[in-house]
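> sequence first, predicted model second:
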Amino acid sequence: MGFAGGLIKRDDVIHQEVQLARHLNAQYALELQVRMFENRSGKQARDEVLRLLDVNHDGRLSADEKRRARIAIYGHSWGASEAVTLARALDREGIPVLLTVQVDSVQKKGEDDLWIPANVAQAANFYQTEGLLHGRREIRAADPTRTQILGNFRLAYKSKPVSCEGYPWLARMFWKPHIEIECDPAVWRRVEELICSRLLPPAG
């Protein structure tokens, strides 16, 4: 489950988080169900998770259907905040989440992107601190006995800028490092590796 940042549409392929969803869907169509959402569509994302987990289509989730859930959630900026919010909503349903990944997470009003709920097995946070708009430096486990924080990984772009062609000039002018981390293919390769290592069976 992926969430786009800012006011980005879920099908705007300029953005790396959208590209990642499409790549995963194309590369692993037989192994994964991939969905991309605007960050304002958290309820829709939750409903889609419940629908996908309801394998016998009886309109409710059994304990076994919940236990067999294998879910990873990621997002950038407001989308990263929404990723944690979705994980928290699934916690209230008793549904486990294997992984959350936040990329330059910017907390939305009324949300909490700092504390990772106890239903999440592992969580990772990628951030930068150079711009006017920058992500959360640290995420923490609400219950460290149940959630492993894989790391709070700082990126820097002042000496190694990343091209963000196609982005509005306003974003490139005022929020340059915030969109550079979003444009950074190395970050999204790491996100993909984390997702695949948790969701896909070992090779062979």
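That came in fine, so what should we check first? Numbering: from 1, shown residues only.
> which residues of this protein fall in strands?
Remark: strands assigned in the chain by DSSP state E are 2-3, 36-37, 72-76, 97-103, 115-116, 120-127, 140-141, 148-154.
> how near is the residue nearest the centre of the chain to residue 58?
Nearest to the geometric centre of the chain sits residue 74, at 0.9 Å (Cα atoms, centre = their mean). From residue 74 across to residue 58, the span is 30 Å (Cβ to Cβ, to the nearest Å). From N, CA and C alone the C-beta is placed, and that goes for glycine too.
> cool, and residue 112?
33 Å.
> same check, this time on residue 166
45 Å.
> cool, and residue 5?
As judged by Cβ to Cβ, residue 5 and residue 58 stand 36 Å apart.
> who has more neighbours out of these two?
It is residue 5, of residue 5 and residue 58, that has more neighbours when counted by other Cβ atoms under 10 Å, with 24 against 9.
> so, low pLDDT: which residues of this protein?
Applying pLDDT under 70 to the chain flags residues 169-173, 203-204.
> okay, helices next: where are they in it?
Assigned by DSSP state H, the helices in the chain fall at 16-27, 42-53, 63-67, 78-92, 169-174, 176-183, 185-199.
> and those: which comes nearest residue 155?
Counting by Cβ to Cβ, residue 155 lies closest to helix 176-183 out of the helices of the chain; the figure is 5.5 Å.
> output the contacting helices and strands for that closest one.
helix 16-27, helix 169-174 (3 or more Cβ pairs under 8 Å, 6 or more residues apart in numbering; DSSP states H and E).
> distance between the longest one and the chain's centre?
Its chain's C-alpha centre lies 12 Å from the corresponding centre of helix 16-27 when counted by Cα atoms, centre = their mean, to the nearest Å.
> contacts for it?
Identification of contacts with helix 16-27 by Cβ atoms under 8 Å, 6 or more residues apart in numbering yields 2-5, 8, 10-13, 32, 34-36, 74-76, 79, 103, 182-185, 187-188, 191-192, 195.
> give the contact list for the residue located most distally from the centre of the chain.
Residue farthest from the centre of the chain, counting by Cα atoms, centre = their mean, is residue 58 at 28.9 Å. Neighbour list for residue 58: empty [criterion: Cβ under 8 Å, 6+ apart].
> please apply the same query to residue 133.
Residue 133 is in contact with 106, 174-175, 178, counting by Cβ under 8 Å, 6+ apart.
> apply 7 Å and report the result again.
106, 175, 178 (Cβ atoms under 7 Å, 6 or more residues apart in numbering).
> okay, the helices of the chain in JSON lines with mean neighbour count and distance to residue 131 next?
Output for the helices of the chain, formatted as JSON lines (neighbours: other Cβ atoms under 10 Å; distance: least, Cβ to Cβ, whole Å):
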{"stretch": "helix 16-27", "mean neighbour count": "18", "distance to residue 131": "17"}
{"stretch": "helix 42-53", "mean neighbour count": "16", "distance to residue 131": "26"}
{"stretch": "helix 63-67", "mean neighbour count": "12", "distance to residue 131": "40"}
{"stretch": "helix 78-92", "mean neighbour count": "25", "distance to residue 131": "16"}
{"stretch": "helix 169-174", "mean neighbour count": "11", "distance to residue 131": "8"}
{"stretch": "helix 176-183", "mean neighbour count": "24", "distance to residue 131": "4"}
{"stretch": "helix 185-199", "mean neighbour count": "17", "distance to residue 131": "15"}
